[in-house]
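Chemist: Let me see the structure of the following:
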Amino acid sequence: MINLDRIDYRILEALQADGRLPLKQLAKIVGVSISPCWQRVKKLEKAGIIRRYTAEIAIEKLQTVQIILAHVTLSRSSRETYAAFERHVLTIPQVIECYEVTGSFDYHLKFVVVSIKNYNEILETFLSTTFDVEKYATYVVTRTAKDQRAVLISVNSSMRY
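Modeler: Sure, this is the predicted structure:
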């Protein structure tokens, strides 16, 4: 963990809200001059706290998409089995999120596909014995109630509601 001060946290909050903020405007928002602000941003990037700058695309305005959530249980609980499954998941561009979880299944996956047929084609590879899938459950998203990418950043790391 790297030690950050209030200015660093303000920089992170501002960039999380708008990653394209001009440096001059960012410096003004956080209350420092341009040069120290730039140095702090570079420090946060070098430390890996700022991973990347991206554009969030409204894919639904370009094409029809279907969001599918899947819960996967593997037949064997071993690091090797998990690693092989994860390597395979990394090769599937339609899987945009994959979490190893605790509970009644091993993985929670989020797919963005062009159709249910497309999802079924992808699913066939998961059902092969090569990836040790014992069972899976599919949930078709009918409506997105909340889709927030920004996470709450606080100086004392406590979540506020």
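Chemist: helix, strand or coil for Ile49?
Modeler: coil (DSSP: H, G, I helix; E, B strand; the rest coil).
Chemist: which residues does it contact?
Modeler: Ile2, Leu4, Leu12 (C-beta atoms under 8 Å, 6 or more residues apart in numbering). (C-beta placed from N, C-alpha, C; glycine too.)
Chemist: change it to 10 Å
Modeler: Ile2, Leu4, Asp8, Ile11, Leu12, Lys43, Ile153 (C-beta atoms under 10 Å, 6 or more residues apart in numbering).
Chemist: helices and strands of the protein: which one has the lowest mean pLDDT?
Modeler: helix 116-126 (a mean of 89; mean pLDDT, DSSP states H and E).
Chemist: sorry, back to before: can you tell me which of the contacts of Ile49 comes closest to Thr138?
Modeler: Ile153 (34.0 Å; C-beta to C-beta).
Chemist: Can you classify that closest one by secondary structure?
Modeler: Going by three-state DSSP: Ile153 is coil.
Chemist: And it, how far from Val101?
Modeler: 24 Å (C-beta to C-beta, to the nearest Å).
Chemist: Compare neighbour counts for the two and give me the winner.
Modeler: Higher neighbour count among Ile153 and Val101: Ile153, with 15 against 11, using other C-beta atoms under 10 Å.
Chemist: just checking, that one touches Tyr9?
Modeler: Yes: in this structure, Ile153 is within contact of Tyr9 by C-beta atoms under 10 Å, at 5.7 Å.
Chemist: What are the buried residues along stretch 44-51?
Modeler: Across stretch 44-51, burial judged by 16 or more other C-beta atoms under 10 Å covers Leu44, Ile50.
Chemist: could you give me the average pLDDT of it?
Modeler: Mean pLDDT, stretch 44-51: 95.
Chemist: Now find how far off-centre it is within its chain.
Modeler: Relative to its parent chain, stretch 44-51 has a centroid offset of 16 Å by C-alpha atoms, centre = their mean, to the nearest Å.
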